[in-house]
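Chemist: Got a predicted structure here, sequence first:
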Amino acid sequence: MHGVGKMSSLACTASSTLLLNTQSRNTNCLHTASVKHGKIKSMASSSPKRETDPKKRIVITGMGLVSVFGSDIDVYYNKLLAGESGITPIDRFDASDYPVRIAGQIRGFSSDGYINGKDDRRLDDCWRYCLVAGKRALDDAALGKQVVDTMDRSRMGVLVGSGIGGTSVFSNGVETLLQKGHRKITPFMVPYIISNMGSSLLAIDTGFMGPNYSISAACSTANHCLISAANHIRRGDADVMVAGGTDASVLPIGIAGFIACRALSQRNDQPHKASRPWARDRDGFVMGEGAGVLIMESMEHAMKRGAKVYAEYLGGATTCDAHHMTNPQPDGLVVASCIMKALEDARVSTQEVNYVNAHATSTPAGDLAEIRAIKKVFQNTSHLKINATKSMIGHALGASGGLEAIATIKAINTGWLHPTINQDDLEDEVTIDTVPNVKKQHQVNVAISNSFGFGGQNSVVVLAPFIP
């Protein structure tokens with residue numbers, strides 16, 4: 001979660017060495033990096049050669065979300081482009097005695113047409129958001145029931161993770177146990193707590209019998225899921241994967257837990273200005289919630305059915321800081337190595353990347369650790385633009401990578417980058433263009449989207465315009 005700093009630890013002692021050529025598939029496009037003596041070095045013998053096998057090329061054919069700005073993709077991105085903040089005072093419960101009383105709280109959520117009434121009343125919001133985002137993504141990909149019924153559903157899978165899982169069901173269960181005893185515990189408590197239930201419920205509703213599980217990697221969860229889903233397609237395990245993340249912890253226990261971690265901003269009198277990545281006076285992240293889901297498909301399968309394609313997934317990577325539960329190692333070395341490994345997996349050179357959707361939670365330690373990592377990888381940053389979606393929607397924990405991947409794909413499609421708001425007085429180290437306060441036109445060549453989490457979890461995905 002890279003809340004208190006997240007962002008992960010970047011553990012690399014002066015004597016440690018990391019070789020990042022493990023996924024190189026072609027000696028003519030060798031792209032390696034090493035971390036040694038506190039520095040990262042990269043070497044490319046020639047321009048990397050992209051994947052050409054249509055069975056292994058992976059395209060994005062559908063997107064679905066639930067966000068503080070609603071569940072319509074265009075509305076979501078237009079509000080981001082406008083620099084609108086979704087951070088408001090909490091009114092879901094009485095937070096008047098809490099030192100933190102603001103969040104990216106979702107209001108007016110509707111599951112009509114996606115979840116039946118009985119299940120809707122029982123489900124944790126985490127799974128309601130997952131089901132709606134997942135089904136909207138399938139609809140967007142023209143993979144409705146009639147179409148899916150003609151396909152081999154054993155080659156269609158689901159991998160939607162959650163950083164925390166069914167928080168409200170767990171909290172309500174504990175309250176029931178203490179007040180009424182064990183006999184009053186609902187039989188749905190355990191199924192609706194466990195973090196794989198989002199993937200399972202989507203599979204039950206759609207009949208998808210391919211790979212199905214969840215990954216829980218704190219706030220890097222969604223990216224971990226996208227990477228693993230892509231690898232299932234590359235290996236030939238599946239033709240279509242529904243992948244992303246979901247979380248819903250704007251609840252008493254969720255807010256209280258992060259308050260105890262000292263991770264959250266206490267700028268209660270200025271909620272719209274509370275999430276302020278890279279600003280000198282930032283004081284923590286703002287809790288958000290929601291779900292972000294992509295339909296990932298082999299290019300061969302997508303072309304055969306005439307699917308529209310939003311973007312291409314080129315690659316991704318994960319690493320672990322192995323440093324601290326909540327704080328990053330300040331130098332950013334292991335995050336830098338994760339970015340390099342992702343570019344290697346994607347067969348992309350550093351010169352090709354011109355946009356970074358940053359993790360940038362607005363925590364004192366995490367924001368600078370990420371900036372240092374980016375500077376280690378992209379030594380010339382004059383062509384680079386970075387922005388922080390969380391400045392407007394808050395930190396949706398395990399869902400954040402999915403929501404930010406959608407923002408990245410919309411940037412690729414529209415040629416417009418949303419601003420990072422509250423960019424008033426930045427740290428001296430932030431010399432890269434953060435798209436401050438106002439949107440910018442920018443033709444994206446190759447983009448990366450970063451997500452990091454408590455426990456030192458790092459994940460980076462690489463996305464680009466689709467060129468058949």
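Modeler: Yes, it's here.
Chemist: Pull up the gap between residue 87 and residue 390, please.
Modeler: 10 Å (Cβ to Cβ, to the nearest Å). To be clear about C-beta, it is placed using only N, CA and C from the backbone, and glycine gets the same treatment.
Chemist: Give the residues shared as contacts by these two.
Modeler: Here residue 87 and residue 390 have 275, 286 as joint contacts, going by Cβ atoms under 8 Å, 6 or more residues apart in numbering.
Chemist: Now the terminal residues of stretch 272-285, how far apart.
Modeler: When the termini of stretch 272-285 are compared using Cα to Cα, to the nearest Å, they are 12 Å apart.
Chemist: Pull out the buried residues from it.
Modeler: 272-279, 282, 284-285 (16 or more other Cβ atoms under 10 Å).
Chemist: Residues in contact with it: which ones?
Modeler: 3-4, 85, 87, 102, 262-268, 286, 358, 360-364, 367-368, 371, 388, 390-392, 394-395, 420-427, 430, 434.
Chemist: Repeat that for stretch 197-212.
Modeler: 126-127, 130-131, 134-135, 138, 145, 148, 153-162, 165-166, 191, 196, 213-214, 229, 232, 237-238, 240-242, 246.
Chemist: Could you list the domains of the protein?
Modeler: Using automatic domain parsing, the domain parsing of the chain gives 18-53+323-464, 58-304.
Chemist: Kindly present these as a markdown table, with separate columns for mean pLDDT and distance to residue 316.
Modeler: Below are the domains of the chain laid out as a markdown table (pLDDT from 0 to 100; distance: least, Cβ to Cβ, whole Å):
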| stretch | mean pLDDT | distance to residue 316 |
| --- | --- | --- |
| domain 18-53+323-464 | 87 | 4 |
| domain 58-304 | 96 | 4 |
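Chemist: Tell me which residue is most central in the protein.
Modeler: Geometric centre of the chain, nearest residue: residue 401, 0.5 Å, by Cα atoms, centre = their mean.
Chemist: Next up, the contacts around that one.
Modeler: Counted by Cβ under 8 Å, 6+ apart, residue 401 has contacts 219-226, 244-245, 292, 449, 451, 459, 461.
Chemist: let's see 7 Å
Modeler: 220-223, 245, 449, 451, 459 (Cβ atoms under 7 Å, 6 or more residues apart in numbering).
Chemist: ok, which pair from the residues you listed is furthest apart?
Modeler: Farthest-apart pair in those is 221 and 449; separation 13.2 Å (Cβ to Cβ).
Chemist: So for those two, which residue has more residues nearby?
Modeler: Neighbour count, other Cβ atoms under 10 Å: between residue 221 and residue 449, residue 221 has more, with 33 against 29.
Chemist: Surely that one touches residue 163?
Modeler: Yes - assessed by Cβ atoms under 7 Å, residue 221 is found in contact with residue 163 at 4.9 Å.
Chemist: intersection of neighbour lists for those two?
Modeler: residue 398.
Chemist: quick one on the thing from earlier: go through the contacts of residue 401 and flag which are in helices.
Modeler: Among the contacts of residue 401, the members found in helices (DSSP state H) are 221-223.
Chemist: got the contact list for the closest residue to residue 155 other than its chain neighbours?
Modeler: Spatially, and ignoring its direct neighbours in sequence, residue 155 is nearest to residue 239 (4.5 Å; Cβ to Cβ, 6 or more residues apart in numbering). Residue 239 is in contact with 155-156, 233, 297-298, 301, counting by Cβ under 7 Å, 6+ apart.
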